[in-house]
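S.K.: This is a predicted model, with the sequence first.
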Amino acid sequence: MESKNLHTWKIVAGISLAGFLGITIFVLLPHLVEVYEKYSVLTTQNEQIEVMGNWKEQLSDLEEKQAILDEGISKMYVDLAYENEFSKIVEQTLSDAKESVVSIAVIQPTGETIEEAYNRKQVTLEFSGSYHSVARFVNRLEQNGLVIEVQDLSVQKEQNLNARLNGNLNLEITMLRGSK
C-alpha cells in the first residue's frame, strides 16, 4: 500500500511539475515577453520625447544665434564700402600709412573678383618704414572699419639704413557692388 501511495505521489508530483512547466512556458513566458516589449517601446518613446524636448531648446538656441548672425551680417553690409568708393579707400589707406609713419611708393590694383553682391579687389602696396611703423600700419588697415584683408606681406631690410624696411603688401578689399 505504501508503495502504491508513493507511486501515486510520484505521478501527482510529475503531473504537477508538468502543469507548472506548461503554465510557465505557455502562459507566463509569453506574458513576460509582452511586458518586456511594452517596456522597450515605452523606454524608446520616453527617449524620443526627451530628445524632442531638447530639440525645442536647441531650436530656440539656434534661432537666437541666427538672429545674432543676421544682425552681424546686416551690420557688415551697412559698414561695407561701395565699389565706387575705391578712391576713398585708397585715401584712407594713405592716411593710415601717414599716421603710422610708413611711406607708400606704389599702390597698384592686381586683380578683381566680382561676386553676386560684392566685389573683391586685390591691391599691392610698395612701402618703407620701421618695423614698428609697418606693424602699426597693418594693424590700422585691418582695424579701420573697412573689410581689408592682408593676403601677403614681404619685407627686406635696407643695408645702408639701420632699422628701415622695404616691402610689398598684398591686400584684398571687399566692397559692395553698385553705388550709394
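M.R.: Good, I have the coordinates.
S.K.: rounded to a whole number, what's the mean pLDDT of the host helix or strand of D61?
M.R.: Assigned by DSSP states H and E, D61 belongs to helix 29-79. Averaging pLDDT along helix 29-79 yields 80.
S.K.: what does stretch 137-151 give?
M.R.: In this model, stretch 137-151 has a mean pLDDT of 84.
S.K.: Sort out which residues of that stretch are buried, please.
M.R.: Buried positions in stretch 137-151, judged by neighbour count with 16 or more other C-beta atoms under 10 Å: F137, V138, R140, L141, L146, V147, I148. The way it works is simple: take the backbone N, C-alpha and C, and place the C-beta from them, glycine included.
S.K.: In this structure, what residue spans correspond to helices?
M.R.: Using DSSP state H, the helices found in the chain span residues 2-23, 29-79, 86-100, 131-143.
S.K.: Make CSV out of these and add distance to L153.
M.R.: Shown next, in CSV, are these (distance: least, C-beta to C-beta, whole Å):
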stretch, distance to L153
helix 2-23, 87
helix 29-79, 24
helix 86-100, 14
helix 131-143, 7
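S.K.: quick check: angle from the helix holding D61 to helix 2-23?
M.R.: Angle, helix 29-79 to helix 2-23, by axes from the mean of the first three to the mean of the last three C-alpha atoms, to 10 degrees: 20 degrees.
S.K.: Show me what helix 29-79 is packed against.
M.R.: Packed against helix 29-79 by the contact rule (3 or more C-beta pairs under 8 Å, 6 or more residues apart in numbering; DSSP states H and E) you find no helix or strand.
S.K.: Can you give me the distance of S87 to L94?
M.R.: 11 Å (C-beta to C-beta, to the nearest Å).
S.K.: One more: G72?
M.R.: As for G72, its distance to L94 is 29 Å (criterion: C-beta to C-beta).
S.K.: Look at these two and report which has more neighbours.
M.R.: L94 (14 against 10; other C-beta atoms under 10 Å).
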